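Undergrad: need the 3D shape of this:
(chains A, B, C and D)
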Protein chains: 2
Amino acid sequence: MTTIYDVARRAGVSPATVSRVLNGRASVDPEMAARVRQAAQDLDYRPNAVARSLRRSRTSLWAVIISDIGNPFFTSMVRGVEDVAQEAGFSVVLCNGDEDPEKEARYVAAALAERMAGVIISSSGRPALISRLVQARIPVVAIDRQPRGVEVDTVLVDNTHGAEQATAHLVGSGYRRIACITGPRRISTAMQRLRGYQRALKASGRPATEDLIRYADFREEGGYRAMASLLETAEPPDAVFAANNLMTVGAVECLVDNGIGVPDPFGIVGFDDIPWAHLVRPSLSTVAQPTYDLGRTAATLLVERIADPAKAPSTVVLHTELRVRESSAPSAGRQGPAAGRTRSRGTAAGSLRS
Amino acid sequence: MTTIYDVARRAGVSPATVSRVLNGRASVDPEMAARVRQAAQDLDYRPNAVARSLRRSRTSLWAVIISDIGNPFFTSMVRGVEDVAQEAGFSVVLCNGDEDPEKEARYVAAALAERMAGVIISSSGRPALISRLVQARIPVVAIDRQPRGVEVDTVLVDNTHGAEQATAHLVGSGYRRIACITGPRRISTAMQRLRGYQRALKASGRPATEDLIRYADFREEGGYRAMASLLETAEPPDAVFAANNLMTVGAVECLVDNGIGVPDPFGIVGFDDIPWAHLVRPSLSTVAQPTYDLGRTAATLLVERIADPAKAPSTVVLHTELRVRESSAPSAGRQGPAAGRTRSRGTAAGSLRS
DNA sequence: CGGCGATGACGACCATCTACGACGTGGCGC
DNA sequence: GCGCCACGTCGTAGATGGTCGTCATCGCCG
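TA: This is a model prediction of the structure:
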């Protein structure tokens, strides 16, 4: 590997001058600058980013710690983060926490050891991890999930409102007993979405009883099991609101395996869109999140936080959008007063292309 | 941040001894070692990975440069890479090349600047990028796509055979004019899958004419347009083999929008599975790749290459598996001699759970 | 001729690792 | 029993590569 000394020798200047030319920090004689640049090009010189980081005591790496790389929600989010990072001159280290607090802890340790420039984290629960980052003065942005007891920049969606809207839509479609499959109690999004569900039930004058609620794991398998458990009860539900995309898929699978028709007699709405939802039959009604923007917003906050570590932490809440498709639109006989949408194939496909 | 000097001072030893204790390189008096460890724990000392990297002139980071983070094929692969990296003590920097040679070049430059310990790359064409890495003595493993003119460790699947099998299956199902939507000419997988398609057609005694071939971009949009273009021809096909998952989805969308039934009258088989393929109606027949193992294998090769930079490069070819579902199984009247599978819903769902 | 501004050279510094040297102890041989 | 040698252990210092502050010098202008 060629070093800055090799370039200096070839250009007949000191290493400091080479540094100044390449960083544009101070004014250098144009003729000499050109000579340096030529030498650098001739030798295919690439500054050693490690040495630079050591001297500057800061790197140009971000750690993005997500909960599940297999979930399209997170990959889309990462894409948003990455695009902003790229523009701002940072590289992204993607870390798959896998909903495992221990794995997550390892990644936080790595971020500390590598003295990363910043961390974007969707934490699976432990606020202590985020505290450690804050204590080490590493800029942090929490995304998707709200950490408890720590003051950091945060980007969320209006989980409660989205869940309320989805549940109210099921109520309006005429379903009688609406169940809820949510995530682990320690995760803020799971609890907020549950609260939205409960609020909508109360607003419609129905009791939100515990026997209609299941706490699963935000994965396909968990959604399947929760659905199966709901069907086994003495008085099974006739609709369900599932609190994330993978559990929605699991629940639908369970219904298919049990030969139960969707949307008639059984309605389903899921939180968070899935790709190719329009190709799934019946197409799934979902509460769509602005995943890409979620990532972009978090990244923008991180850039600002790095620029000014002293500024007060802010929380940004983005909006969800209920996308009604086939899975929550029962036949005419059952439809309630609020249910007036088309089910034509063309429309469904068209709305998804956007 | 506490440094090795702080720990040394507190333990009453020299920094060198602290380093020795924590790295286990040389023998140190056990009593003294215990004192050092205690001091390190008291101060919550974490070695500065940047300084370590500079001194050792090697980092513990891998760059994984993939073509499209939105494609589940790659995320599953990355998961395999990551699991092995974790075990071997490396962290993974995920880089989304986005099928854009320029973006890809930037990431390769970053890998060089950061003196990364290794690179796993699914290159969008330019062998020059890989050459630069090899020249800089950075261990490289090519994955999914075969780089031309460079000798590096490579992990591939049997693209030609998989495509041949898929096409032969369409032939056997009784389709007459079978088209092919493949990827850009510069990408090896696109050409190999095209070759498999052509081979199968020749084996069945049909001409593989150019008017049945479209070169798209491996994306949903491209698949849609290619399908539309095939339908506009004077003599449209009645089946298509699509060379990756996203283009398959695009092609199906186009068929739906045009009101053409699948699998009757139009058959389709795609290369590479998609998640929730079993929920899509009609469920899609695909050539499934061992995506996770692809990643694991590449990572294992990289670990070996790092351990022994001198060893001869090897190429590993993994096998694909044709998964017949509904989209290629026409009704009885059309079925050819080779088409004898069930189309029952239960069976289709069951085969997908595995 | 003096002063100021601009530019370049030099060296300290970032945190860690490691080669080399020094010191001490134990064992063996005379 | 004493001395020497060898080995084990520890500390010092230098190296890693780039950045930036300091100082000196040169040239130009007043």
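Undergrad: so which residues on chain A come close to DNA strand C?
TA: Residues of chain A lying close to DNA strand C (Cβ under 7 Å from any atom of the strand) are A:13-17, A:20, A:26-29, A:32, A:51, A:54-55, A:57. Using the backbone N, CA and C atoms, a C-beta is placed for each residue, glycine as well.
Undergrad: hmm, try it at 6 Å
TA: A:13-14, A:16-17, A:27-29, A:32, A:54-55, A:57 (Cβ under 6 Å from any atom of the strand).
Undergrad: the residues you listed: which two are farthest apart?
TA: The span of the residues of chain A next to DNA strand C, defined through Cβ to Cβ, is set by A:D29 and A:S57 at 30.6 Å.
Undergrad: ranges for the helices of chain A?
TA: Taking DSSP state H, the helices of chain A run over residues A:4-11, A:15-23, A:30-42, A:49-56, A:72-88, A:101-113, A:127-135, A:159-172, A:188-203, A:220-231, A:245-257, A:291-307, A:345-353.
Undergrad: mind putting those helices into TSV with mean neighbour count?
TA: Formatted as TSV, the helices of chain A follow (neighbours: other Cβ atoms under 10 Å in any protein chain shown):
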stretch	mean neighbour count
helix A:4-11	18
helix A:15-23	17
helix A:30-42	15
helix A:49-56	18
helix A:72-88	22
helix A:101-113	19
helix A:127-135	18
helix A:159-172	23
helix A:188-203	21
helix A:220-231	21
helix A:245-257	24
helix A:291-307	21
helix A:345-353	14
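Undergrad: among those helices, which comes closest to B:N96?
TA: That would be helix A:72-88 among the helices of chain A, by Cβ to Cβ, at 5.7 Å.
Undergrad: ok, the closest residue to A:L279 other than its chain neighbours - contacts?
TA: With sequence-adjacent residues excluded and distances taken as Cβ to Cβ, 6 or more residues apart in numbering or on different chains, A:L279 is closest to B:V280, at 4.5 Å. Taking Cβ atoms under 8 Å, 6 or more residues apart in numbering or on different chains as the criterion, B:V280 is in contact with A:276, A:279-281, B:252, B:274.
Undergrad: residues touching A:N96, list them.
TA: Counting by Cβ under 8 Å, 6+ apart, A:N96 has contacts A:66, A:68-69, A:103, B:79, B:82.
Undergrad: now it, which residues is it bridged with?
TA: A:N96 has these beta-bridge partners by DSSP bridges: A:I66.
Undergrad: ok, now how distant is it from DNA strand D?
TA: For A:N96, the distance to DNA strand D (Cβ to the nearest atom of the strand, to the nearest Å) stands at 31 Å.
Undergrad: domain ranges for chain A, per the record?
TA: Chain A is divided into the following domains under automatic domain parsing: A:4-47, A:56-151+A:291-318, A:159-288+A:324-353.
Undergrad: with mean pLDDT added, can I get these in JSON lines?
TA: Supplementary listing: these in JSON lines, determined by pLDDT from 0 to 100:
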{"stretch": "domain A:4-47", "mean pLDDT": "85"}
{"stretch": "domain A:56-151+A:291-318", "mean pLDDT": "91"}
{"stretch": "domain A:159-288+A:324-353", "mean pLDDT": "85"}
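Undergrad: B:S204: which of those domains is closest?
TA: domain A:159-288+A:324-353 (29.6 Å).
Undergrad: what number of residues lie near the closest residue to chain B within the stretch 151-300 of chain A?
TA: As assessed by Cβ to the nearest Cβ, chain B sits closest to A:R281 within the stretch 151-300 of chain A, at 3.2 Å. By other Cβ atoms under 10 Å in any protein chain shown, the residues close to A:R281 number 15.
Undergrad: for it, what are its contacts?
TA: Applying Cβ under 8 Å, 6+ apart to A:R281 gives the contacts A:326, B:279-281.
Undergrad: now swap in A:R79 and tell me
TA: So A:R79 contacts A:292, A:295, B:69-70, B:96 (Cβ under 8 Å, 6+ apart).
Undergrad: from these, which is closest to DNA strand D?
TA: Ranked by distance to DNA strand D (Cβ to the nearest atom of the strand), the contacts of A:R79 are led by B:N96 at 25.9 Å.
Undergrad: how close does that closest one sit to A:T75?
TA: In this view, B:N96 and A:T75 are 9 Å apart by Cβ to Cβ, to the nearest Å.
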